[in-house]
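Visitor: Have a look at this fold, sequence not included:
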Ligand SMILES: [Zn+2]
């Protein structure tokens with residue numbers, strides 16, 4: 001891809017929101033969802049082995065709090081300023097008193113050893129999901145809180161030798177007025193939402209049941225289209241928006257008869273991108289694979305095999321978000 005004027009091949013982008021319990025603490029209990037969180041710790045090595053086998057690149061958007069290996073370091077690394085959400089339960093800092101001393105004692109809230117596994121696999125990008133799983137559209141927080149949060153994420157990553165470039169906004173809530181702060185802190189790209197109306201994000205309270213229902217239907221049937229896009233359509237300014245095409249829903253025993261439709265919808269989107277030299281951006285959370293790991297890994301294997309076919313047939317490439325951003329940077333400066 002050294003010549004930016006030639007049309008690049010289709011691209012398959014994977015991003016994962018790596019958050020463990022920090023991503024769901026306000027909604028779930030350990031009794032109700034803890035097994036999925038612990039299951040994510042088994043799912044991550046399984047996914048990494050598959051990514052390595054199929055030479056798939058992926059962006060791991062990691063909550064900053066997961067970088068720590070123990071409570072002492074974590075407390076020292078907290079941001080100078082913390083958000084005061086109107087709904088106080090949204091703040092992950094309310095969980096600090098219940099935090100165990102280290103990762104061995106508290107596998108729900110620490111992820112340092114998993115990050116070390118991710119860093120060893122070629123093509124894996126360690127990126128950010130903000131420091132505290134920060135909600136940019138919730139009332140009560142402001143731009144200075146966001147800056148302090150993201151700065152703390154950049155700092156802990158830097159101390160461990162990671163240079164953060166890509167950002168995934170928690171709950172996909174983003175605020176365009178915060179993008180300048182991202183740029184200021186070295187972020188080159190973020191994952192925007194799918195374009196269709198049912199993916200337009202508001203605060204959690206403002207989302208309608210109709211939107212949620214339409215998203216569920218869209219996972220199985222072609223409601224919103226393939227959601228692929230060409231790189232030349234994307235905005236030419238950093239941080240670049242690299243929108244999601246599709247959420248990889250967890251395998252469902254309840255909807256088992258529809259599983260074939262769900263997989264077909266993803267494979268068709270990938271194929272559309274490969275044929276038209278566009279991007280297909282698939283995302284999920286490791287804890288989505290935390291239950292039914294075998295079934296979920298079989299789905300992922302089908303996706304990986306389809307990528308290989310598309311690579312051989314159409315020259316499709318696998319890219320992390322930062323690799324896409326590097327290409328967009330070339331385009332912008334050409
Ligand atoms: Zn999240």
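Guide: Noted; the coordinates are in hand. Quick caveat, the model's predicted, so the values are computed rather than measured. Residues are numbered from 1 along each chain as shown.

Visitor: From now on I want contacts and neighbour counts done on CA atoms only, so please keep to that.
Guide: Noted.

Visitor: so where's this structure uncertain?
Guide: Residues of the chain that meet the criterion pLDDT under 70 lie in 1-6, 195-207, 210, 220-221, 223-224, 235.

Visitor: show me where it has helices.
Guide: 30-53, 71-76, 112-119, 143-159, 179-184, 209-220, 259-276, 293-314, 321-333 (DSSP state H).

Visitor: Could you tell me the angle between the longest strand that the chain contains and helix 321-333?
Guide: Across the chain, the longest stretch assigned as strand under DSSP state E is strand 11-18. Strand 11-18 runs at 130 degrees relative to helix 321-333, counting by axes from the mean of the first three to the mean of the last three Cα atoms, to 10 degrees.

Visitor: Show me what strand 11-18 is packed against.
Guide: Using 3 or more Cα pairs under 8 Å, 6 or more residues apart in numbering; DSSP states H and E as the contact test, the elements touching strand 11-18 are strand 58-62, helix 259-276, strand 279-284, strand 317-319, helix 321-333.

Visitor: Report the separation between residue 233 and the ion.
Guide: Separation of residue 233 from the ion (Cα to the ion, to the nearest Å): 27 Å.

Visitor: Now for that residue, how many residues are close by?
Guide: 8 (other Cα atoms under 10 Å).

Visitor: I'd like the helices and strands packed on strand 11-18 written out as CSV, with distance to residue 16 and mean neighbour count added.
Guide: Below are the helices and strands packed on strand 11-18 laid out as CSV (distance: least, Cα to Cα, whole Å; neighbours: other Cα atoms under 10 Å):
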stretch, distance to residue 16, mean neighbour count
strand 58-62, 5, 28
helix 259-276, 16, 19
strand 279-284, 5, 24
strand 317-319, 13, 23
helix 321-333, 11, 19
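
Visitor: how about the closest residue to residue 243 other than its chain neighbours, what does it touch?
Guide: Closest residue to residue 243 apart from its sequence neighbours, by Cα to Cα, 6 or more residues apart in numbering: residue 192 at 4.1 Å. Contacts for residue 192 were tallied using Cα atoms under 8 Å, 6 or more residues apart in numbering; they are 172, 241, 242, 243, 244.

Visitor: Tell me which of the helices of the chain lies nearest to the ion.
Guide: Among the helices of the chain, the nearest to the ion by Cα to the ion is helix 30-53 (12.7 Å).

Visitor: Show me what that closest one is packed up against.
Guide: In terms of contacts (3+ Cα pairs under 8 Å, 6+ apart), helix 30-53 is packed against helix 112-119, helix 293-314.

Visitor: would you list the ones you listed in JSON lines and tack on mean neighbour count?
Guide: Compiled in JSON lines, the helices and strands packed on helix 30-53 are given as follows (neighbours: other Cα atoms under 10 Å):
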{"stretch": "helix 112-119", "mean neighbour count": "16"}
{"stretch": "helix 293-314", "mean neighbour count": "17"}
